[in-house]
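[1] Build the 3D model from these lines:
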Amino acid sequence: VKSKMKIETDTYESIGKNYENAISWMKTIGVKISSGRTQHYLKVMNYWRDNYRSASDSVAKGIFPDFVSTASEIDSFIKIYKAFKAEPIEKLTSIEAKLQKGVNGPLNAEDENPNTSEARNYIFEALVAAKIS
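    Predicted coordinates:
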C-alpha cells in the first residue's frame, strides 16, 4: 500500500501575515529594517495577496518573476521567525546579528555576485540554526 504524501499548502493571506509577523519580531529583537529587500518583499506580497484574483493576465505575467523570488526569500525569514519567536530576546544576540546582516543585499538571488552574497549567507546560517533548534 502506497502512502500518500501530504503537500503543505498555505494561502497568500497567511504567508503575508506570517511575513509581517516575522518583520515585526525582527524589529522587536533589535534588527533595523531599512527600505531594502525585506520591505520590497512585503510590498510585492501585499500587492499580490490583495490583487491575485482580479489581476489581468498581463499584470500576473509581469509580477510573476518578482513574486516567485519574493515567495522564496520570505520563506526563510518566516522559518527563522517561527523557530525563535518564543525565545527570550537576550538569547538571540547571534540570530539578531545574522538577521541584521541578512536584511541587506540584492533583491533577487540571481543578481548576486561574490561581493554581494554575504547577506544571504547570513540568512542561510540563521535558517540552519532554526532547523536544528
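
[2] tell me the centre residue of this structure?
    I74 (1.6 Å; Cα atoms, centre = their mean).

[3] how about low-confidence regions in this structure?
    1-3, 7-8 (pLDDT under 70).

[4] quick one, longest helix in it?
    Across the chain, the longest stretch assigned as helix under DSSP state H is helix 57-84.

[5] what's that one packed up against?
    Here helix 57-84 touches helix 12-28, helix 37-51, helix 93-102, helix 118-132, going by 3 or more Cβ pairs under 8 Å, 6 or more residues apart in numbering; DSSP states H and E. In this view, the C-beta of every residue, glycine as well, is placed from N, C-alpha and C.

[6] picking that back up, count of residues packed around the nearest residue to the residue nearest to the centre of the chain once chain neighbours are set aside?
    Take I74 and drop its neighbours on the chain: the residue closest to it by Cβ to Cβ, 6 or more residues apart in numbering is Y19, 4.6 Å away. By the measure other Cβ atoms under 10 Å, the count of residues near Y19 is 24.
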